[in-house]
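J.: give the three-dimensional model of this entry:
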Amino acid sequence: IQRLKIEEKKRNPESKADLATLLARDRKANGRGGDAKTGGSITQGIASMLGYPGGGNQTTPPPTERELIETEIIKTLIESYFSIVRQNVTDNVPKSIMFFLVNYTKDRIQSSLVSALYKEENFKTLLSESESISEKRRQQTELLAVLRRSLDIVNEVRDFAV
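T.: Residues are numbered from 1 along each chain as shown. Below is the predicted model:
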């Protein structure tokens, strides 16, 4: 559109041609016109295929400047949307790959470790108590017995004093 406006200003600095006229002139200059020799415009061809009355014979008026601006806005919005979608896909694909890769690896390692852990020949070793823990338990049991005896003595003294 900008190119067409610049070319028109070069041709005729006083020109007040609207955007629709510029586009129509450009189509004719580039051989993309909607005449009978070229088989009509794409819009006319689609209209005739869909069975609209006079679809192949109708000449469509050139789009107004507002329609062209709205079309450009919609085109820009669609391009922005697809750019956002492309960025989201670009961001999410590596994340998804890593997620599935890590989960698969975690599951495989867990099953391997569980199978190694639950072998029957390891049960005696796994269920046995270490020497340090059994020694601590023996010491705590002795301490408990001493504390109970102390409590009994304190209770006897309290009951005797009354």
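
J.: report the secondary structure state of residue 7.
T.: Under the three-state scheme (DSSP: H, G, I helix; E, B strand; the rest coil), the conformation of residue 7 reads as helix.

J.: secondary structure element for residue 155?
T.: Assigned by DSSP states H and E, residue 155 belongs to helix 131-161.

J.: quick check: next helix or strand after the biggest helix by length in the chain?
T.: The single longest helix within the chain, with elements called by DSSP state H, is helix 65-117. Elements were assigned by DSSP H and E; along the chain past helix 65-117, the next helix or strand is helix 123-127.

J.: how about stretch 152-162: buried residues?
T.: For stretch 152-162, the buried set under the neighbour-count rule, 16 or more other C-beta atoms under 10 Å, is empty. All C-beta spots, glycine's among them, are computed from the backbone N, C-alpha and C.

J.: quick check: mean pLDDT of it?
T.: Mean per-residue pLDDT for stretch 152-162: 83.

J.: kindly report the same for stretch 69-80.
T.: Per-residue confidence for stretch 69-80 averages out to 91 on the pLDDT scale.

J.: export it as CSV, just CAs?
T.: The C-alpha trace of stretch 69-80 is given here as CSV (Å, rounded to 0.1, in the frame of the first residue of the first chain):
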residue,chain,number,x,y,z
ILE,A,69,-7.4,-0.7,6.5
GLU,A,70,-9.6,-3.2,8.3
THR,A,71,-8.1,-6.0,6.2
GLU,A,72,-4.6,-4.8,7.1
ILE,A,73,-5.5,-4.6,10.8
ILE,A,74,-6.9,-8.2,10.7
LYS,A,75,-3.9,-9.4,8.8
THR,A,76,-1.6,-7.8,11.4
LEU,A,77,-3.6,-9.3,14.3
ILE,A,78,-3.5,-12.8,12.7
GLU,A,79,0.2,-12.5,12.2
SER,A,80,0.6,-11.4,15.8
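
J.: the longest helix of the chain packs against which elements?
T.: Helix 65-117 makes packing contacts with helix 19-29 when contacts are defined by 3 or more C-beta pairs under 8 Å, 6 or more residues apart in numbering; DSSP states H and E.

J.: what is the rounded mean pLDDT of the helix it packs on?
T.: The pLDDT scores in helix 19-29 average 65.

J.: show me where pLDDT drops low in this protein?
T.: Within the chain, the segments meeting pLDDT under 70 span 1-5, 8, 13-58, 161-162.

J.: against residue 105, how distant is the closest residue to residue 126 other than its chain neighbours?
T.: Take residue 126 and drop its neighbours on the chain: the residue closest to it by C-beta to C-beta, 6 or more residues apart in numbering is residue 117, 7.6 Å away. With distances taken as C-beta to C-beta, to the nearest Å, residue 117 is found 18 Å from residue 105.
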